[in-house]
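> prediction below, plus the sequence it came from.
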6 protein chains.
Amino acid sequence: MDNAKRAQVLTEALPYIQEYAGKIVVVKYGGNAMKNPELKKAVMGDIVLLSMIGVKVVVVHGGGPEISDMLKKTGKQSEFVDGLRVTDDETMDIVQMVLSGKVGKDLVSLVQSIGGKAIGISGVDAGIIEAKILDERLGNVGEITAINTKPVLDLLDLGYIPIISTIAGDKSGNRYNINADTAAAQIAGRLGAESMLAMTDIAGLMEDKDDLSTLIPTVRIEEIPVFIEKGVISGGMIPKVQSCVEAIEHGVKKVFIIDGRVPHSILIELLTDEGLGTMFI
Amino acid sequence: MDNAKRAQVLTEALPYIQEYAGKIVVVKYGGNAMKNPELKKAVMGDIVLLSMIGVKVVVVHGGGPEISDMLKKTGKQSEFVDGLRVTDDETMDIVQMVLSGKVGKDLVSLVQSIGGKAIGISGVDAGIIEAKILDERLGNVGEITAINTKPVLDLLDLGYIPIISTIAGDKSGNRYNINADTAAAQIAGRLGAESMLAMTDIAGLMEDKDDLSTLIPTVRIEEIPVFIEKGVISGGMIPKVQSCVEAIEHGVKKVFIIDGRVPHSILIELLTDEGLGTMFI
Amino acid sequence: MDNAKRAQVLTEALPYIQEYAGKIVVVKYGGNAMKNPELKKAVMGDIVLLSMIGVKVVVVHGGGPEISDMLKKTGKQSEFVDGLRVTDDETMDIVQMVLSGKVGKDLVSLVQSIGGKAIGISGVDAGIIEAKILDERLGNVGEITAINTKPVLDLLDLGYIPIISTIAGDKSGNRYNINADTAAAQIAGRLGAESMLAMTDIAGLMEDKDDLSTLIPTVRIEEIPVFIEKGVISGGMIPKVQSCVEAIEHGVKKVFIIDGRVPHSILIELLTDEGLGTMFI
Amino acid sequence: MDNAKRAQVLTEALPYIQEYAGKIVVVKYGGNAMKNPELKKAVMGDIVLLSMIGVKVVVVHGGGPEISDMLKKTGKQSEFVDGLRVTDDETMDIVQMVLSGKVGKDLVSLVQSIGGKAIGISGVDAGIIEAKILDERLGNVGEITAINTKPVLDLLDLGYIPIISTIAGDKSGNRYNINADTAAAQIAGRLGAESMLAMTDIAGLMEDKDDLSTLIPTVRIEEIPVFIEKGVISGGMIPKVQSCVEAIEHGVKKVFIIDGRVPHSILIELLTDEGLGTMFI
Amino acid sequence: MDNAKRAQVLTEALPYIQEYAGKIVVVKYGGNAMKNPELKKAVMGDIVLLSMIGVKVVVVHGGGPEISDMLKKTGKQSEFVDGLRVTDDETMDIVQMVLSGKVGKDLVSLVQSIGGKAIGISGVDAGIIEAKILDERLGNVGEITAINTKPVLDLLDLGYIPIISTIAGDKSGNRYNINADTAAAQIAGRLGAESMLAMTDIAGLMEDKDDLSTLIPTVRIEEIPVFIEKGVISGGMIPKVQSCVEAIEHGVKKVFIIDGRVPHSILIELLTDEGLGTMFI
Amino acid sequence: MDNAKRAQVLTEALPYIQEYAGKIVVVKYGGNAMKNPELKKAVMGDIVLLSMIGVKVVVVHGGGPEISDMLKKTGKQSEFVDGLRVTDDETMDIVQMVLSGKVGKDLVSLVQSIGGKAIGISGVDAGIIEAKILDERLGNVGEITAINTKPVLDLLDLGYIPIISTIAGDKSGNRYNINADTAAAQIAGRLGAESMLAMTDIAGLMEDKDDLSTLIPTVRIEEIPVFIEKGVISGGMIPKVQSCVEAIEHGVKKVFIIDGRVPHSILIELLTDEGLGTMFI
């Protein structure tokens, strides 16, 4: 492609840049985009680019597969209650270590190498996420009780990209394992984010999940129960969609489920006229 | 072109955006890019885009052809001394009116319609350019005696794009007609600009001006006398090149002569790996 | 006069200075005070003085006579509809050029020579005045749809005196010719100005316009219809008075019609115990 | 006098206002101007006016006569060494009380009633003036060892007029009686004041002290020894002139001895073309 | 005591430091703590310590005994009306001098010698306390009409400890003698203080004033009439308690009567688990 | 101990608080104080207390024993070169995870539960520590090439306690294992810290390491070679002492080796008159 066309592309991005400049965008990072090194680099590149053009990006991540790997490596057996893994203290240590020490810091390292400025924090730092026990039988699995946005806004104002791992604390020094989708939704809501993008491993909601032509570009939150009933939203997508609803109810203007398997899906969603995934309103 | 390619293009612009973010770039606007409405819109679009991605852009413009048109319209006869037009008081009024009232405000209007925030000022406003008489016989033709950068920096800090018409004043309330190339060079120098782009109607300096393949991408300022001697730099290009030298001597890091006839030549020069015109170092 | 008396005069101005310090005063500049060079200099001197003692002065000006001169000079014939001049695109160019390029910049030049710091802007700059077509038959004659005070306040905060020429723009890049009295009133209102002074060529409202002793010092806006009926307010004064009413309705505390033919009428009105013209409340 | 003349007077003050706006002026207040209630009010009025037009005024005062009155009232006998009054602890209490509690607060009260904002402090407050014993035999008479300008600049920046009584402290909690002329000179010097005005009970330095026509408008500090030898400067004027020299040596640009018996002598000196007293350069 | 225990004590103060950091505490200083040099130094040490750990301390003081001493010294006879001393102009001068010039400045001097930064002001400075005549027969005894907290907050923000003597002014330059308990209560209320500590010469409210074991640690303001009826609150304590009620009604969260005769009673009250005196809620 | 004594202790800490208020203190945290939960809590309590009284505390920690535990748990065999453990990529992952994800976040959690505000970062975050390979054979063991203090100062200015784990990055996204003593010394030096406290498991340098009475309170850095020769400094203490020397050479004013086994050794060292360990100057 010649540079005249490149300039044309940049020029066409202008109205989208104007729309998001100075606004907060929360990226819930996960799925394949987190495993594949090429995709990982593309996502972090997108985030640095957004940050350079004045968007205030916050990354929220979980890290289920890496936690499982580490538990296996250390020979830790997991117990399950109602199909949910019990997070005993030893497991909590692994969760905390993997999310804050491995996944988060690896992302920071990648962002820094691309020329961005990232700081990796967890919900425990400066009391950003406070939680309580969700269910005694599940151990340290937490339910969010408060979000303290001040430290996140402080970092954004200083020009840093906060990369948040979803563990939480409480006033007594306990730590909790928090669902990352829910955490992202609540953080986005409390920050008054312009938009939240949840990266998944699907193209978006589809009437027929095997037929890309049936992708549903926009869903109104009141239609969701019908979609669940019809099976369009099912299985692991149900909690994910619920966290999108939660984000909208907390005041986020636009919430997207985007396909994390497509390189640069964030830029395509935000800076072009194409809607890649499904937008909730 | 599909959006994946668009995202790719945006991604490739990242290192260039990082290079210029927060820096001052002075665009000396003139020539064909100022006459052709399509080019005019493309230039202003480029400037708004640069401004959105954090570049502090200052536009400096003259307006010779529009001044000549207006003089003709009002039936004013021009007198010449040594081939230079005498700027008597009546002519000065026309110069001031056309530059500040017509050319500058039209650019402001265009920038505003693209979604930028521009303020059109002249060298008289807040004493930005002070001058004295260059040659008694030429009337109000001025030689710059001082540049006051404070008001320009004030506007940049507030996020406005200053569009400066090149008339100057003095402490006694006289007004002067100033050469726009010289004014741009001195303003860029005093602002400590990262780069100055002078828009011309040529592709750049060429060994053989009819053969684009002889374009000289980079010229060291000590080579210039040789190029003048060889005729590579001649006629109207001599003062233009001299103003580039002046800019470099005043501390501007990179000075470019770019081809104003190519749409988006500013973006191509600054945000791609292609060097369109000639760079002076 | 000896200096003891001078000191006495300065001392007596103190309570008035205290009343206006830090407040915004909008001067609608026009009429004879704009034609006579002596008066012009006196008005600008008053404005610089007010600015030095901490008053935030905004000057709003039209320039009817200079526009007419220029139209005549360029041989442009004006068409009229219902007695109002049609502003076609060519006329609009002249209006814009004369107001922003000639009248406004001449005032800036004068203020600078007196030691003030002025920046001449128009309603197009940074979108200060937005308008739409008032009447299709009148061409580019505009009706104000929005006032954006941010850029004016930015300039005031930085210590500059904004001198505003009354042309307006819209989001599509059109420009409009705006009535200066209305523009001044709306700008004053939106700025929350302490007072607006409209300079005219009469001593104020008079019961008998040939008898200065019948000057009406204060008019309540509800009395105006009666004064119009009685012919005290008539002809060109009707729209001028209506703009004063508009200013008060927009929240300006004190609106004055002052006699622009009297040197230093602004200082006399604001800094002495004498009410020169008519105050609307 | 009519208001046109008043406006003229205000206008003529403009260049002087421009000269002093934003600059620091230290007024050493004393003599008759401190005893006569009319003069006192005029001086404080001048100071409030200067403060309103943007001059940063600092008042430094002593209060010899009021101290003597109070000592007499309390029946305290003073002892003298080499003609200088010994300041024992009991006397020091009286000095501190009269200067900080009576003279200073009365000035504050007067300034407040004129509409200014004054804060009365002493050299002890926030460690503004530090001193040590000058001569063991004189008790608490102090010699300045350090001036801490920070608190004075803090008050000026917040828009207050600091009124400083000239007592000093040290790190051990001792208090010292300080010569007010010297204190004013050192404070002015350390503040980088534009000018210092020392109010006295003479018209200025005069070749023949009984003939006003022999007033010396300007004295170069190197001429002073000659003037002392000739007797032009003699008696109590010698230390006063020495403090003026000290102020100049500490960097004050213009130092004046002005006639405190003339109402508004401060305004006349600063805001008119008349030089009332003697300027040292 | 060894340093391990010292460290333990510091550690135990942490929760109290956290409770008060950044909050405003008003100390009404008076009684024995003001007469005894040892206690005086201990109180000022406590205040400097509080200031160092981030508490914004304001000291409000009267000075009855020192005023009486000075009146006696100057041979001034006091007249009484209904048992209250008439404050004629001469007495007012003494009151002002002693409070602002002696008591206040002595405290400033002491704070400075301990390494704190204090500025001694009165209610007249910058119009902090405005008053009117309480009763014509009492002369310059004033009743507070307005509290202007801006100058006090300005000083606190700059890190100074304001030491306020309780004289007041009005717009006409009159000065008033103000009850210090009332002034402290109103200042604390208007500053939105976290707490006010009134130093007295009793251990607190006691059921039996001769039996320390009957100390009442907490009093609800609605119980006060009963305590007055029972004689628990009587004599000079009645107005003191009323000013505590006033402070609470003006919004102060916690108001304490503490025993000024106990060294470091302020620190004990604020930074330990012991409640020394009586708290009103 | 009664509260009067407690108040006395607090009072005696005042001069030490005044000495450190607003200054930066770097605590190199390690050894027993990091293993024993009681000591850990005491150290973090000391740090929160210092932070409350205005000291800007930075914590730098390693975590050797926890790294070894984790390596053992995951069955990772370590290879050694010249007695130094080779940090291959897998080991680096464990190091990063344990330091940033476990040790650091546990400290943050503890500080938060005591009421402090901590943010746990690593040298990778925002490029705080940059490094290069020290020795190819040791894998990812790094040698510091640059310290970027800006993010640390940003956090301190916002009132957070930065808790830094000593891993480093480079421009290519590599991560390095860094010696914590060296990192602390260089960070302290580049921050211009007032003091650095290195926590160890000895009482300080002792002439005879079994006789506490031979503790050397102060060592001049030029004496160190002699002490090494004499065997007073030997084994693991040599690099620790070298990092102290490095800190002093980088400009830290006071460097202490303190006994981490003594509860509150930080407070005792900084806020009492007792010097617990050895000070290097």
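Done, it's in. A quick note: this is a predicted structure, and the numbers were derived from the prediction, not measured.

> does A:Val48 sit in a helix, a strand or a coil?
Classification of A:Val48 by DSSP: H, G, I helix; E, B strand; the rest coil places it in helix.

> show me what contacts it?
Counting by C-beta atoms under 8 Å, 6 or more residues apart in numbering or on different chains, A:Val48 makes contact with A:Val111, A:Ile114, A:Gly115, A:Gly116, A:Ile161, B:Leu14. Any C-beta I mention is one placed from the backbone N, CA and C, and that applies to glycine too.

> for those, pick the one with the most neighbours.
In terms of neighbour count, A:Val111 stands highest of the contacts of A:Val48 at 28 neighbours, by other C-beta atoms under 10 Å in any protein chain shown.

> what about it, which helix or strand?
Assigned by DSSP states H and E, A:Val111 belongs to helix A:104-114.

> give me the distance between A:Ile187 and A:Ser165.
According to C-beta to C-beta, to the nearest Å, A:Ile187 and A:Ser165 sit 12 Å apart.

> export the contacts of A:Val48 to CSV and tack on distance to chain C?
What follows is the contacts of A:Val48, written out as CSV (distance: C-beta to the nearest C-beta, whole Å):
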residue, distance to chain C
A:Val111, 34
A:Ile114, 35
A:Gly115, 32
A:Gly116, 31
A:Ile161, 29
B:Leu14, 30
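
> so which of these would you say is closest to E:Glu222?
Nearest to E:Glu222 among the contacts of A:Val48: A:Ile161, at 55.4 Å, using C-beta to C-beta.

> and for the residue lying closest to that closest one once chain neighbours are set aside, the neighbour number?
Distance criterion C-beta to C-beta, 6 or more residues apart in numbering or on different chains; nearest residue to A:Ile161, sequence neighbours excluded, is A:Ala118 at 4.4 Å. Neighbourhood size, A:Ala118 [other C-beta under 10 Å]: 29.

> again with A:Ala203
Counted with other C-beta under 10 Å, the neighbours of A:Ala203 add up to 19.

> identify the bridge partners of the spatially closest residue to it that is not a sequence neighbour.
Among residues not flanking A:Ala203 along the chain, A:Asp259 sits closest, at 4.8 Å (C-beta to C-beta, 6+ apart). With DSSP bridges as the criterion, A:Asp259 is bridged to A:Thr200.

> tell me the spacing between A:Asp259 and C:Arg85.
60 Å.

> of the two, which one has the most company?
A count of neighbours by other C-beta under 10 Å puts A:Asp259 above the other of A:Asp259 and C:Arg85, at 22 against 19.

> so who does A:Lys132 touch?
Contacts of A:Lys132 (C-beta under 8 Å, 6+ apart): A:Gly142, A:Glu143, A:Thr145, A:Asp170, A:Tyr176.

> host element of it?
strand A:129-133.

> buried residues, whichever strand or helix holds A:Ala4. List them.
Element membership for A:Ala4, per DSSP H and E: helix A:3-20. By 16 or more other C-beta atoms under 10 Å in any protein chain shown, the buried positions in helix A:3-20 come out as A:3-4, A:6-14, A:16-18, A:20.

> report whether stretch A:136-151 contacts chain F.
Yes. Using C-beta under 8 Å from any C-beta of the partner chain, stretch A:136-151 reaches chain F at A:Pro151.

> list the contacts of that stretch.
Residues outside stretch A:136-151 that contact it (C-beta under 8 Å, 6+ apart): A:81, A:84-89, A:91-92, A:121, A:125-135, A:168, A:170, A:174-178, A:182-183, A:186-187, A:190-191, F:117, F:119, F:160.

> could you turn the buried ones of the residues you listed into a ChimeraX selection?
Here is the ChimeraX command that selects the buried residues among the contacts of stretch A:136-151 (16+ other C-beta under 10 Å):
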select /A:85,87,91,92,121,125,126,127,128,129,130,131,134,168,170,174,175,176,177,178,182,183,186,187,190,191 /F:117,119,160
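
> mind checking which of the contacts of stretch A:136-151 land in helices?
A:Asp89, A:Thr91, A:Met92, A:Thr182, A:Ala183, A:Gln186, A:Ile187, A:Arg190, A:Leu191 (DSSP state H).

> rewinding a little: name the next helix or strand downstream of the strand holding A:Lys132, please.
With elements assigned by DSSP H and E, the helix or strand that comes after strand A:129-133 is strand A:142-147.

> what mean pLDDT does the very next helix or strand once past that next one have?
Next along the chain after strand A:142-147, taking DSSP H and E as the criterion, comes helix A:150-157. Average pLDDT, helix A:150-157: 98.

> what sits against the residue of the stretch 1-150 of chain A found nearest chain E?
Proximity of the stretch 1-150 of chain A to chain E (C-beta to the nearest C-beta) peaks at A:Gly127, 13.8 Å away. By C-beta under 8 Å, 6+ apart, the contact list for A:Gly127 reads A:Asn148, A:Pro151, A:Gly169, F:Gln112, F:Lys117.

> closest to the centroid, which residue in chain A?
A:Lys28 (0.8 Å; C-alpha atoms, centre = their mean).

> wait, A:Gly204 touches A:Leu215, no?
Yes. With contacts counted by C-beta atoms under 8 Å, A:Gly204 reaches A:Leu215, the gap being 5.0 Å.

> where does chain A have its least confident helix or strand?
Least confident helix or strand, chain A: strand A:84-85 with a mean of 81, by mean pLDDT, DSSP states H and E.

> strand partners (parallel or antiparallel) of it?
In the sheet, strand A:84-85 lines up against strand A:80-81 (antiparallel) (DSSP bridges).

> buried residues in stretch A:272-281, which are they?
Across stretch A:272-281, burial judged by 16+ other C-beta under 10 Å covers A:Thr272, A:Gly275, A:Leu276, A:Gly277, A:Thr278, A:Met279, A:Phe280.

> how about those residues in a markdown table, adding distance to B:Glu66, secondary structure and pLDDT?
What follows is those, written out as a markdown table (distance: C-beta to C-beta, whole Å; DSSP: H, G, I helix; E, B strand; the rest coil; pLDDT from 0 to 100):
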| residue | distance to B:Glu66 | secondary structure | pLDDT |
| --- | --- | --- | --- |
| A:Thr272 | 38 | coil | 85 |
| A:Gly275 | 44 | coil | 72 |
| A:Leu276 | 46 | coil | 77 |
| A:Gly277 | 50 | coil | 89 |
| A:Thr278 | 52 | strand | 93 |
| A:Met279 | 47 | strand | 94 |
| A:Phe280 | 52 | strand | 93 |
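
> can you tell me which of those are up against chain E?
Counting by C-beta under 8 Å from any C-beta, no member of those reaches chain E.

> for those residues, which one is nearest D:Met70?
So of the buried residues of stretch A:272-281, ranked by how close each gets to D:Met70 (C-beta to C-beta), first place is A:Phe280, at 81.2 Å.

> show me what the closest one bridges to in the sheet.
Here A:Phe280, judged by DSSP bridges, has bridge partners A:Val219, A:Val255.

> same check, this time on A:Arg175
Bridge pairing for A:Arg175 (DSSP bridges) gives the partners A:Gly169.

> residue contacts, A:Ala185?
A:Lys28, A:Met196, A:Ser243, A:Cys244, A:Glu246, A:Ala247, A:His250, A:Val252.

> for the first one, give its distance to chain D.
When distances are taken as C-beta to the nearest C-beta, to the nearest Å, A:Lys28 and chain D turn out to be 47 Å apart.

> tell me the phi and psi of A:Ser172?
Dihedral pair for A:Ser172: phi -90, psi 0, per degrees, to the nearest 10.

> was I right to think it contacts F:Ile114?
No. Under the criterion of C-beta under 8 Å, A:Ser172 is not in contact with F:Ile114, lying 10.7 Å apart.

> closest point of the stretch 151-281 of chain A to chain D, which residue?
For the stretch 151-281 of chain A, C-beta to the nearest C-beta, closest residue to chain D: A:Asp157, 25.3 Å.

> next up, the contacts around that residue.
Per C-beta under 8 Å, 6+ apart, neighbours of A:Asp157: none.

> how far away is it from B:Tyr160?
Distance from A:Asp157 to B:Tyr160, by C-beta to C-beta: 22 Å.
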